[in-house]
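Novice: Build the 3D model from these lines:
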Amino acid sequence: MASQNARADSLSLLLFTLRSGKLMAINLLKVSEIIPCPALTRLPESHPHVKGVATLRGAALSVIDLSRAIGEQPLLDPSGGCLIVTDVSRSKQGLHVQAVSKIVHCLTTDIRPPPYGAGAKSFITGVTQVDGALVQVLDIEKVIHGITPMRVEAVSSQLDEADAQLLARANILVVDDSQVALQQSLLTLRNLGIECRTARSAREAIDCLLELQGTPGQINVLVSDIEMSEMDGYALTRTLRETPDFKDLYVLLHTSLDSTMNSEKARLAGANAVLTKFSSPELTGCLVTAARFVANQAH
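Specialist: Got it, this is the predicted structure:
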């Protein structure tokens with residue numbers, strides 16, 4: 001196998017605090033702007049973790065009480081602080097935080113998986129150190145999903161018989177360090193009557209690929225998140241392309257960021273395609289394309 005110490009990508013993190021003062025972070029690419037907390041309109045029957053709606057340049061913006069959403073103490077000044085406006089998985093939302101600290105630059109290899117004791121209820125996808133202080137990287141997809149669960153559209157009826165058969169013969173591995181995002185992909189596949197393998201990190205994915213190589217279950221389609229700790233989707237793809245056994249593996253990079261931002265970087269890494277989360281019909285279409293590619297290779 002090619003060295004698993006793949007070339008690391010750089011990453012920019014926006015550091016912020018809640019009431020406790022401990023440092024948290026969010027990928028800067030998921031942030032569109034930072035603004036003082038504006039006047040909010042409270043909507044009746046809204047989720048208890050939604051503080052209200054702000055108007056941002058004429059458009060409504062839902063504002064999430066991040067402290068409540070992740071089980072922290074409420075901010076000392078509920079109308080103070082600021083909003084981190086995020087653009088994730090095709091939607092914008094405001095995260096109400098105590099204060100924004102600074103932007104730091106690091107390598108993806110500097111981001112470690114959260115400790116095993118963090119548990120399934122944890123809202124962090126990784127941890128790192130900045131100037132000797134521990135920083136927790138927020139799982140923003142999980143926060144959003146807890147407030148507005150993603151609906152996965154049924155698309156199986158739209159598949160013709162030939163495509164359905166091609167998909168059934170594909171051996172798919174889905175890689176994502178966000179349990180919520182992983183479940184969304186799995187639900188789409190199960191709605192299509194397809195079972196697949198899963199991994200929660202790039203290294204776990206590599207182990208799975210090696211284990212199944214040369215067996216009837218050999219993976220021929222990889223669907224991988226991009227924003228993962230330790231080794232991101234780009235580094236994983238480059239590592240596979242440098243390995244003879246996996247240089248022709250079909251790789252779809254699945255990202256919560258706008259895929260148009262990532263298409264060139266994905267192409268340079270060697271990915272076959274890139275897709276923004278989360279659209280069940282679009283994921284299905286990409287998987288059909290992947291299955292056709294695999295079938296053509298076999299002939």
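Novice: And the longest helix along the chain, what does it pack against?
Specialist: For the chain, the helix that runs over the most residues, judged by DSSP state H, is helix 280-298. Helix 280-298 sits against helix 161-169, helix 179-191, strand 221-225, strand 250-255, strand 273-276, with contacts defined as 3 or more CB pairs under 8 Å, 6 or more residues apart in numbering; DSSP states H and E. No exception for glycine: its C-beta is placed from N, CA and C like everyone else's.
Novice: closest to residue 48 out of these?
Specialist: helix 179-191 (19.0 Å; CB to CB).
Novice: thinking again about what came up before, from the rest of the structure, what touches the longest helix of the chain?
Specialist: 152-155, 158-159, 163, 166-167, 169-170, 172, 184-185, 187-189, 191-192, 220-221, 223, 248, 250, 252, 254, 272-273, 275 (CB atoms under 8 Å, 6 or more residues apart in numbering).
Novice: buried subset of those residues?
Specialist: Among the contacts of helix 280-298, the ones that count as buried by 16 or more other CB atoms under 10 Å are 152, 155, 159, 163, 166-167, 170, 172, 184-185, 188-189, 191-192, 220-221, 223, 250, 252, 254, 272-273, 275.
Novice: Any stretches of the protein with poor pLDDT?
Specialist: 1-8, 116-121, 149-158, 259, 261, 299 (pLDDT under 70).
Novice: what's the distance between whichever strand or helix holds residue 238 and the middle of its chain?
Specialist: Assessed by DSSP states H and E, residue 238 sits inside helix 233-241. When C-alpha coordinates are averaged (CA atoms, centre = their mean, to the nearest Å), helix 233-241 and its chain have centres 16 Å apart.
Novice: which strands and helices sit next to it?
Specialist: On a contact count with 3+ CB pairs under 8 Å, 6+ apart, helix 233-241 meets helix 202-212, strand 221-225, strand 250-255, helix 259-269.
Novice: what does the last one contact?
Specialist: Defining contact as CB under 8 Å, 6+ apart, one finds that helix 259-269 is touched by 29, 226, 233-235, 237-238, 241, 253, 255, 273-276.
Novice: element containing residue 146?
Specialist: Here residue 146 sits within helix 140-147, counting by DSSP H and E.
Novice: buried stuff in that helix?
Specialist: Neighbour counts using 16+ other CB under 10 Å place 140, 141, 142, 143, 144, 145, 146, 147 of helix 140-147 among the buried residues.
Novice: Return the alpha-carbon coordinates of it using CSV.
Specialist: Taking Å, rounded to 0.1, in the frame of the first residue of the first chain, the C-alpha atoms of helix 140-147 are listed here in CSV:
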residue,chain,number,x,y,z
ILE,A,140,-22.3,21.4,12.5
GLU,A,141,-24.2,18.8,10.5
LYS,A,142,-25.3,17.0,13.6
VAL,A,143,-26.4,20.3,15.3
ILE,A,144,-28.6,21.2,12.3
HIS,A,145,-29.9,17.6,11.9
GLY,A,146,-31.1,17.7,15.6
ILE,A,147,-33.2,20.7,14.8
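Novice: Many thanks, we can stop here.
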